[in-house]
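[1] heads up, no residue letters with this:
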């Protein structure tokens, strides 16, 4: 191959390589810019007691944060949020059937008391819905996985001559006991009353009463395990031993070493 052709090919390859490197750099820079902008929007759009935005909750406690973007939120004057609650992205919190500004007289008739009440330390996972027409109460430190649905309102179908969506719904209060865990995608129906430290399995559909210290699963949900006071043990017994927490005095270095050890194992 002639020398001039070799030089031309080398120059072309160098230019192509430089162009590719420049394109790659621009893409990385654009990606960093987009992620930084998104993080800024998330922080700026988050709702707290100090920065409520356009929302006017009946109460929003210190340390509570609603992540941006929010889901549908209305009737917030009848929503009381405890201290140090974490509300994930796209969580819906509603009281009533529609925003009050869409109603004649701007008064749905709920009175002064809260309709939806979250205790201190409640966590609502991403995409969850809490829809209240009758009172809904979540006790302290109730933890909900993503896409949990809690409602005190349900459709009725008594009149076969009318579309179900046009019939007045049934309502009943809902209570979730302190310390409970609601798994991803579970549904809590009107009238449900869960005791303390109840575990609701993912995808379960719960109605009626559930006693303290019980595990429910299925659709409709049924009790699959509960704490027995007589034997001071779970029945049926747990299949694995309780996990051992890290000691409170463990240093960050020790925790990192533990993580590396677990990864190697």
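    Looks like it came in fine. Just so it is clear, the model here is predicted, and its values are computed rather than measured. Residues are numbered from 1 along each chain as shown.

[2] count of neighbours near residue 78?
    Using other CB atoms under 10 Å, residue 78 has 23 neighbouring residues. Where you see a C-beta, it was placed from the backbone N, CA and C, and this is true even at glycine.

[3] doesn't residue 117 make contact with it?
    No. Applying CB atoms under 8 Å as the test, residue 78 and residue 117 come out as separate, 9.2 Å apart.

[4] next up, phi/psi of the residue most central in space within the chain, please.
    For the chain, residue 125 is the residue whose C-alpha lies nearest the centre (CA atoms, centre = their mean; 1.3 Å). Backbone torsions of residue 125, given as degrees, to the nearest 10, read phi -70, psi 160.

[5] grab the nearest non-local neighbour of it.
    residue 146 (3.8 Å; CB to CB, 6 or more residues apart in numbering).

[6] let me know the pLDDT of that neighbour.
    You'll see residue 146 listed with a pLDDT of 98.

[7] so it, which of the three states?
    Here residue 146 is recorded as coil under DSSP: H, G, I helix; E, B strand; the rest coil.

[8] count the neighbours of it for me.
    Residue 146, neighbours per other CB under 10 Å, totals 17.

[9] distance of it relative to residue 215?
    As judged by CB to CB, to the nearest Å, residue 146 and residue 215 stand 20 Å apart.

[10] swap in residue 127?
    In terms of CB to CB, residue 127 sits 24 Å off from residue 215.

[11] repeat that for residue 239.
    Distance, residue 239 to residue 215, using CB to CB: 12 Å.

[12] any shared contact partners between these two?
    With contacts taken as CB atoms under 8 Å, 6 or more residues apart in numbering, residue 239 and residue 215 have no neighbour in common.

[13] which one of the two has more residues nearby?
    residue 215 (19 against 6).

[14] looking at it, the more buried one is touching residue 201, isn't it?
    Yes. Residue 215 lies in contact with residue 201 (CB under 8 Å); the separation is 7.0 Å.

[15] joint contacts of those two?
    Counting by CB under 8 Å, 6+ apart, the residues touching both residue 215 and residue 201 are residue 224.

[16] so where's the chain shaky on pLDDT?
    Segments of the chain classed as low confidence (criterion: pLDDT under 70) are 1-15, 18-19, 100-108, 255, 257-265.

[17] show me where the stretch 1-150 of the chain has its helices.
    For the stretch 1-150 of the chain, applying DSSP state H, counting those that start in this stretch gives helices covering 3-45.

[18] which residues are in contact with residue 109?
    When contacts are counted by CB under 8 Å, 6+ apart, residue 109 touches no other residue.
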